[in-house]
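Asks: need the 3D shape of this:
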Amino acid sequence: MLDDFMIRAALAGVGTAAAAAPLGCFVVWRRMAYFGDATAHAAMLGVALALTFQVPVFGGVLAAALAMGLTVSTLSGKGLAADTLLGVLAHSALAFGLVAVSFLSGVPVDLMGYLLGDILAVSKGDLAVIWAGAAMVSALIAWRWSDLLIATVGPDLARASGIDPRREQMVLTLCLALTVAVAIKVVGVLLIAALLVIPGATARGLASSPEAMALTAAGLGSLSALGGLWASFQFDTPTGPTIVCVAATLFVLSTLLRSVREA
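Replies: Numbering: from 1, shown residues only. From the prediction side, this is the model:
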């Protein structure tokens with residue numbers, strides 16, 4: 001079954017959505033969209049470092065995404081507005097990554113594949129990495145769910161309950177780094193943040209509880225991946241951007257449905 005590239009692509013899309021969409025709920029609740037962007041853009045620098053030192057791209061991307069997340073968490077509140085800091089770091093990391101890749105000689109680099117994803121080229125090994133990463137992210141979120149939720153509702157409430165908000169922030173940073181490393185093959189550096197944010201934002205208007213929102217986001221993310229894969233095959237469009245277009249369409253439909261209900 002896994003010899004069929006479309007089956008591998010579908011499984012890769014669902015696995016990525018299983019990791020990204022529930023995590024995206026916390027990104028939406030905490031208004032961390034720019035944080036997700038910064039972590040994702042650091043992935044390009046991770047790709048360049050991995051290719052330079054001839055280590056697996058997954059490891060390089062994971063290390064760079066973690067470094068970016070820790071840097072942002074450390075520098076937050078040091079005199080710069082959060083959105084300014086994230087904007088500087090996100091675009092700088094992407095630019096340095098692209099420049100670093102241009103210096104690589106004798107190493108074949110599919111730049112568009114890393115920027116926009118190449119889900120149709122997913123191998124069995126890539127599939128194993130994607131699902132292993134998705135399982136780790138899902139396990140971390142399930143394990144820390146209550147503490148993450150309380151820390152998200154309010155840091156003061158978390159401290160009163162004996163929960164360290166900074167520790168939970170580190171858990172989210174680790175989950176984001178893992179998700180970025182998993183998703184780069186599917187939707188690429190430029191679109192990872194969209195896959196994180198859009199299903200969660202869509203689910204927000206459809207769910208009545210945080211748990212329901214996370215499950216709904218996972219379902220919508222999977223539907224976006226499969227729908228985008230089908231539409232890409234039918235209309236011969238880039239698969240990664242098409243997946244995001246389907247997710248955006250679902251968001252618009254959800255918003256319209258909510259407006260009709262409230263009218």
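
Asks: need the contact list for the closest residue to Gly227 other than its chain neighbours.
Replies: Closest residue in space to Gly227, ignoring its immediate chain neighbours: Val246 at 4.2 Å, by C-beta to C-beta, 6 or more residues apart in numbering. Bear in mind the C-beta positions are built from the backbone N, C-alpha and C, glycine included. If you count contacts by C-beta atoms under 8 Å, 6 or more residues apart in numbering, Val246 has them with 223-224, 227-228, 231.

Asks: again with Val28
Replies: Val28 neighbours (C-beta under 8 Å, 6+ apart): 197, 200-201, 204.

Asks: mind doing that once more with 10 Å?
Replies: 36, 196-204, 213, 217 (C-beta atoms under 10 Å, 6 or more residues apart in numbering).

Asks: mind checking the pLDDT average for the helix or strand it falls within?
Replies: For Val28, the host element (DSSP states H and E) is helix 5-29. Throughout helix 5-29, pLDDT has a mean value of 90.

Asks: show me what counts as buried in it.
Replies: 8-29 (16 or more other C-beta atoms under 10 Å).

Asks: how near is the residue nearest to Gly227 to Gly106?
Replies: 38 Å (C-beta to C-beta, to the nearest Å).

Asks: angle of the strand or helix carrying Val252 against helix 5-29?
Replies: Here Val252 sits within helix 239-262, counting by DSSP H and E. Taking axes from the mean of the first three to the mean of the last three C-alpha atoms, to 10 degrees, one finds helix 239-262 and helix 5-29 inclined to each other by 50 degrees.

Asks: helices of the chain, residue ranges please.
Replies: 5-29, 33-52, 57-75, 82-102, 111-116, 124-143, 145-153, 155-160, 165-183, 192-204, 210-235, 239-262 (DSSP state H).

Asks: of the ones you listed, flag the one that's most buried.
Replies: helix 192-204 (a mean of 27; mean count of other C-beta atoms under 10 Å).

Asks: and the average pLDDT for that helix is what?
Replies: 91.

Asks: can you dump the C-alpha coordinates of it into CSV?
Replies: What follows is helix 192-204, C-alpha atoms only, in CSV (Å, rounded to 0.1, in the frame of the first residue of the first chain):
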residue,chain,number,x,y,z
ILE,A,192,3.7,26.0,8.2
ALA,A,193,2.3,28.8,10.3
ALA,A,194,-0.9,28.8,8.2
LEU,A,195,-1.4,25.1,8.9
LEU,A,196,-1.0,25.8,12.6
VAL,A,197,-3.3,28.8,12.8
ILE,A,198,-6.1,28.3,10.3
PRO,A,199,-7.6,24.9,11.5
GLY,A,200,-7.6,26.2,15.1
ALA,A,201,-9.2,29.5,14.1
THR,A,202,-11.9,27.6,12.1
ALA,A,203,-12.6,25.2,15.0
ARG,A,204,-13.0,28.1,17.4
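
Asks: other SSEs contacting that helix?
Replies: Packing partners of helix 192-204 (3 or more C-beta pairs under 10 Å, 6 or more residues apart in numbering; DSSP states H and E): helix 5-29, helix 33-52, helix 165-183, helix 210-235, helix 239-262.

Asks: distance from the chain centre to that helix, please.
Replies: From the chain centre to the centre of helix 192-204 is a distance of 9 Å (C-alpha atoms, centre = their mean, to the nearest Å).

Asks: next, give phi and psi for Pro238.
Replies: phi -60, psi 130 (degrees, to the nearest 10).

Asks: what's the neighbour count on it?
Replies: A count of nearby residues for Pro238, using other C-beta atoms under 10 Å, gives 19.
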